[in-house]
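**Q** My questions are about this predicted structure, shown below with the sequence.
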Amino acid sequence: MTKVENAQRYVGAPQPAPAKKDGPFFVMFWRSAVGKKWIMAVTGIMLIGFVFAHMLGNLKIFLSADAIDHYAEWLRTIGYPILPKTGVLWILRAGLLGAVVLHIWAAASLTRMNRAARPNGYKSPREYVAADFAARTMRWTGIILTLFIIFHLLDLTWGQTGVKDFKSGDVYNNIVNSFTRVPVAIAYIVANIAIGIHLYHGAWSMFQSLGINSPRFNPWRRGFAIGLASIIAIGNISIPLLVVTKVVK
Amino acid sequence: MSNINLDAKIPAGALEDKWDNHKFSVKLVNPANRRKFRVVIVGSGLAGASAAATLGELGYHVQLLTFHDSPRRAHSIAAQGGINAAKNYPNDGDSVKRLFYDTIKGGDFRAREANVHRLAQVSVNIIDQCVSQGVPFAREYAGLLDNRSFGGAQVSRTFYARGQTGQQLLLGAYQALARQVHLGNVELHNRTEMLDMVMKDGRAVGVVARDLITGAIHSYSGHAVVLATGGYGNVFYLSTNAMASNVTAAWRAHKRGALMANPCFTQIHPTCIPASDEFQSKLTLMSESLRNDGRIWVPQNAEDTRSPEQIPDSERDYFLERMYPSFGNLAPRDIASRASKRQVDVGKGVGPIKNGVYLDFDEAINRLGAPVIEERYGNLLQMYERITGEDPYKMPMRIYPAVHYTMGGLWVDYNLMSNVEGLYVLGEANFSDHGANRLGASALMQGLSDGYFVLPATITDYLAPQLGEAPISTEDPIFKQAEAAVRDRTNQMVAIKGTHSPDHFHRELGKIIWEHCGMERSAESLDKALAEIPVLREQFWNDVRVLGDTESFNQSVEKAGRVADFLEFGEELVLDARRREESCGGHFRVEYQTEDGEALRNDDDFAHVSAWEWEGEGNEPTLHREPLVYENVHLATRSYK
Amino acid sequence: MKLTLKIWRQDGPTAEGRFETYDMPAVVPDMSFLEMIDVLNERLISEESEPIAFDHDCREGICGSCSMMINGIPHGPERGTATCQLHMRKFKDGEHITVEPWRARSFPIIKDLAVDRSPLDRIIEAGGYISAPTGAARDANEILIPKEAADAAMDAAACIGCGACVAACPNGAAQLFTAAKYGHLSLLPQGQPERWTRAIGMVDEMERWFGSCTNFGECETACPKEISIDFIALLNRDYIKAQFKNRRLSGQKS
């Protein structure tokens, strides 16, 4: 019996997906799950970098209103005058948007593949040993994050959520006015907890996906993930928390 | 009784030249013609997988049948300790000649010189081959291969991969096989069990097999049929063999005319974990490499109820070291096993049901440190702890002999062809190389020698003249009749609707054979077994209960068929033991022993291979003898003192 | 010991399955899990109901046949142990034990607890070997292999192909199985010539049958040989590298 016949040996015999057609290398790469995970890791690093820088910048709110407003203005003028004002910012935005799109697209596609790999699940409860809450909820924290990003843009970039006296560029006041609304502050806090959870698994997982692996530093990967996720989550949460509790006015 | 000429076809020339001479004299098949030949191989262990891979590489078309779900599960995988080869890397005086001699002597002078010498010659190629396939043998720090010593040898010639040597060698062969499957040279039929051999004009032309998933009966035809289906140790029910290991393929071939040689040569392995209760379905072997560093003892006083660590050295009896000072704990398997049995028989057994002896690492741990012991035997000790719940680093292990390997098997000539034209038998399924007792780490060597090197070189001689002839079609009436017979027999077992499970009969058979034809045999015990087995077989055919149908996956049907064959085979085994009026190797007749209880051979009357011919149900099989001629070694009494 | 077993019964690949409950009034703690099933099967046969079908063979934890999901964990609660080596002393008197087959699209249930794992063979066939035709080998000691490399390769090679990694993986991925064989061969000097084609061949074949690895790490804990997911990192890295280093691509027209 050849392989084809194997698939027809009995009703219900395992059937493979069709072999990948040949194509340009980057297409082939994208078609493979390992490639997609690699892309998720690389875009994940970009997004972590962004989130981390974003947090650092926002923490200037604790210095003074001027500090954060000045920082916001600097963002618009990076590279000026060789590039037009906000030129670099738009390049960054485009890069971020691309990263987000690829990250989500890859995730969705892998999810589909993985659902298909076990269409008929276990009928008794699983007892997970290693797969922690963070790992198992990546899809959900990912969805929360996507929704949150949209809300966040509407809220503080476009001022569409009814922030009192919203004025583009008046960062300090916009933030304080937005976060003094208790439900909004709670939403930010919850979303940032989700970021922490998502990053915790992501920051560890990316080492595996990229194949960065050495017994010398393997034990540190877990600590790195916990540290990074906690710093970003705590840093970000501190802002709505301190605003809503009127510490920052 | 048919006129069978047991010509071993041993090539002419000096012992060292025979294999070369033979390879030069056989007919060859031109590379372009090889794809025109189809070979059916049954079994995917070391011998079957290596033969299939090699024949595939050469360009033959191979159909490989295995009843396992994957070729990688064959029981070769469970061999732990290692594989011998006359490489003499440690420079301790080993040579092809010494390996040859050790094997002949270890086999108590009941193996064919020419075959054994070839095995020793080829052994060095096996290691080369396996290393090139990526088998991760243990290494020294400088990157060279490491060796250990093994029972029955005074040199270190055993290569090993932790305690998983069989696994790694099998995976090597399996991977080579997988490559050939990928290339289309080998067709792999997993979960397919051979249930009959088909002959036409006196030649083996194919097999009939049952698809274990669907229950469908299919035929596979070829220019030659190769059986590499392992040993029959499970005839004892409790053995270290895997649960599914069976004699069926060999027995079916036997019933079609292939002779069964020396079935009474069964090996009892000294280092198994004693049974803990009656439910035990199989025994677990621990590599006898443990005997390298472990010391075997029992309390001197049978009434000693102290826990082992409280018994001082002076009150322990290190009986192997005492009785066999030069080999000590490394005495050959049969000798070590009987010595242990005697200690237990006189009431010195240890453990809750006093059915074992101690194997103690205390001294080795003190000398080498626990990390070294862990490095060498870690997974074995871990396995022991898992099974018994006792920590062998603190408590001595308890061991007891168990059936492990069967030296007997289908008769083959120097080409590994049985007396049936076109039927080749490899590995443990044949009788060829180990005589009456196999040395440790030699089974893997033989399986791979047969599959990688011997069969591919000898089968051409049979195939070449068939150039231009197509294999017999599986639509031929001869196949259809065989298929119908297989179907009838399978259905018949289901139709009995008796009261006892196939396992019940297997257990009963095992009790009879272990009791009467186990480590020690006597005319009286064997006669008893000869009387009891036919009765049990009769009961089986009247009272077996096989539930379910034959048209689907049904493990009871599989099991029943195997037990039915064991019930016939067991009788022949006992008969062979009865007729061999001597003690040699694993066959120990209490009537024939020296004053100090060692095996007493009778070279005048029994320096021959006993090959049995099936004469139909209810008739006594006919005994044919192949005299064993020793031109190169002197028949000595084995002494391991 | 008294135990209650809830075992998945399914008559055939396309049949509907169901759980059936069996009381085990007298389990001996020294029994292995499979011996307990043997006892149950003997009882079922005496009651004229079909015994439970399950794959098993060596019962020494090396052949990789046994495959049971016990209380939601492949091979049961004891780490580094195949079902056949799991002993009843690890359970508590009065415990309820649920047993299911492995579940994955490419592991269809043949009957009861027996599944078809032949797709694992397909992955090996797609590159899990070193092409070393018989007879072409040079002397074994001409290839020097650092002990560390041989040991690491052996760690990976210990895989018994049971499929517990697939069963454990929430994605039904076979990454650990594939990575173990890949790691074994690619850590050795003999495995270098085919390294990059092997990476692509095995991964591409694997992805035709199984889900993708998203680094849950569940496989590692289920593996009866405790093979490390570090080998998965190696496989991933090499798959990426192979996109560039593949010698087939060097100096040749596509």
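**A** Okay, I see it.
**Q** And the pLDDT for the residue of chain A found nearest chain B?
**A** The minimum distance from chain A to chain B, using CB to the nearest CB, falls at A:Y10 (5.2 Å). Glycine gets a C-beta too; all of them are placed from N, C-alpha and C. At A:Y10, the predicted lDDT confidence score is 94.
**Q** measure it to C:P51 for me?
**A** Separation of A:Y10 from C:P51 (CB to CB, to the nearest Å): 21 Å.
**Q** same deal with B:V29?
**A** 48 Å.
**Q** okay, and for chain A, where does confidence drop off?
**A** A:1-5 (pLDDT under 70).
**Q** same check, this time on chain B
**A** Looking at chain B by pLDDT under 70, you get B:1-2, B:640.
**Q** Show me it divided up by domain.
**A** B:269-404, B:477-615 (automatic domain parsing).
**Q** how far does the longest one sit from the chain's center?
**A** It refers to domain B:477-615. Centroid separation between domain B:477-615 and its chain, computed with CA atoms, centre = their mean, to the nearest Å, is 16 Å.
**Q** where along chain A do the strands fall?
**A** With DSSP state E, there are no strands along chain A.
**Q** And the helices in the chain?
**A** This is for chain A. A:3-7, A:25-31, A:33-58, A:65-77, A:87-117, A:133-136, A:138-152, A:171-179, A:182-210, A:218-244 (DSSP state H).
**Q** actually chain C
**A** Going by DSSP H, chain C shows helices at C:33-46, C:118-125, C:147-157, C:164-168, C:175-186, C:195-209, C:218-222, C:230-245.
**Q** most tightly surrounded among those helices?
**A** helix C:164-168 (a mean of 30; mean count of other CB atoms under 10 Å in any protein chain shown).
**Q** got the CA positions of it in CSV?
**A** Provided in CSV are the C-alpha atoms of helix C:164-168 (Å, rounded to 0.1, in the frame of the first residue of the first chain):
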residue,chain,number,x,y,z
ALA,C,164,1.8,12.0,24.1
CYS,C,165,3.2,15.4,23.0
VAL,C,166,0.4,15.6,20.4
ALA,C,167,-2.2,14.4,22.9
ALA,C,168,-1.0,16.9,25.5
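**Q** do it and chain B meet?
**A** No - contact of helix C:164-168 with chain B (CB under 8 Å from any CB of the partner chain) is absent, the minimum separation being 13.8 Å.
**Q** what packs against that helix?
**A** Helix C:164-168 sits against strand C:73-74, helix C:175-186, helix C:218-222, with contacts defined as 3 or more CB pairs under 8 Å, 6 or more residues apart in numbering or on different chains; DSSP states H and E.
**Q** mind putting the ones you listed in a markdown table, mean pLDDT and distance to B:L6 included?
**A** Below are the helices and strands packed on helix C:164-168 laid out as a markdown table (pLDDT from 0 to 100; distance: least, CB to CB, whole Å):
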| stretch | mean pLDDT | distance to B:L6 |
| --- | --- | --- |
| strand C:73-74 | 97 | 52 |
| helix C:175-186 | 98 | 45 |
| helix C:218-222 | 96 | 53 |
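**Q** what's the first-to-last distance across stretch B:451-465?
**A** 22 Å (CA to CA, to the nearest Å).
**Q** tell me which residues in it are buried?
**A** The neighbour-count check on stretch B:451-465 (16 or more other CB atoms under 10 Å in any protein chain shown) flags B:451-463 as buried.
**Q** same question, stretch A:10-18
**A** A:Y10, A:A13, A:P14, A:P16.
**Q** just stretch C:15-27 next, same as before
**A** Buried, per 16+ other CB under 10 Å, within stretch C:15-27: C:G17, C:Y22, C:M24, C:V27.
**Q** And B:I10, how far from chain A?
**A** For B:I10, the distance to chain A (CB to the nearest CB, to the nearest Å) stands at 39 Å.
**Q** roughly how far apart are the residue nearest the centre of chain B and chain A?
**A** In chain B, the C-alpha nearest the mean C-alpha coordinate belongs to B:E428, at 3.7 Å (CA atoms, centre = their mean). According to CB to the nearest CB, B:E428 stands 27 Å off from chain A.
**Q** so which helix or strand takes in the closest residue to that residue other than its chain neighbours?
**A** The shortest distance from B:E428 to any non-neighbouring residue, by CB to CB, 6 or more residues apart in numbering or on different chains, is to B:G231 (4.0 Å). Taking DSSP states H and E as the definition, one finds B:G231 inside no helix or strand.
**Q** Reformat the domains of chain B as JSON lines; add distance to A:A185 and mean neighbour count.
**A** Below are the domains of chain B laid out as JSON lines (distance: least, CB to CB, whole Å; neighbours: other CB atoms under 10 Å in any protein chain shown):
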{"stretch": "domain B:269-404", "distance to A:A185": "55", "mean neighbour count": "19"}
{"stretch": "domain B:477-615", "distance to A:A185": "61", "mean neighbour count": "19"}
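**Q** closest to B:A441 out of those?
**A** Smallest distance to B:A441 across the domains of chain B (CB to CB): 8.2 Å, for domain B:269-404.
**Q** What residues does the residue of chain A found nearest chain C make contact with?
**A** As assessed by CB to the nearest CB, chain C sits closest to A:G211 within chain A, at 2.3 Å. Residues in contact with A:G211 (CB atoms under 8 Å, 6 or more residues apart in numbering or on different chains) are C:A233, C:L234, C:L235, C:N236, C:R237, C:D238, C:I240.
**Q** Name the nearest of the buried residues of stretch C:15-27 relative to B:G408.
**A** C:V27 (38.4 Å).
**Q** Show me which of the contacts of A:G211 is closest to chain A.
**A** The nearest one, if we look at these relative to chain A and count by CB to the nearest CB, is C:R237, at 2.3 Å.
**Q** how much space between the closest one and C:Q243?
**A** Counting by CB to CB, the gap from C:R237 to C:Q243 is 11 Å.
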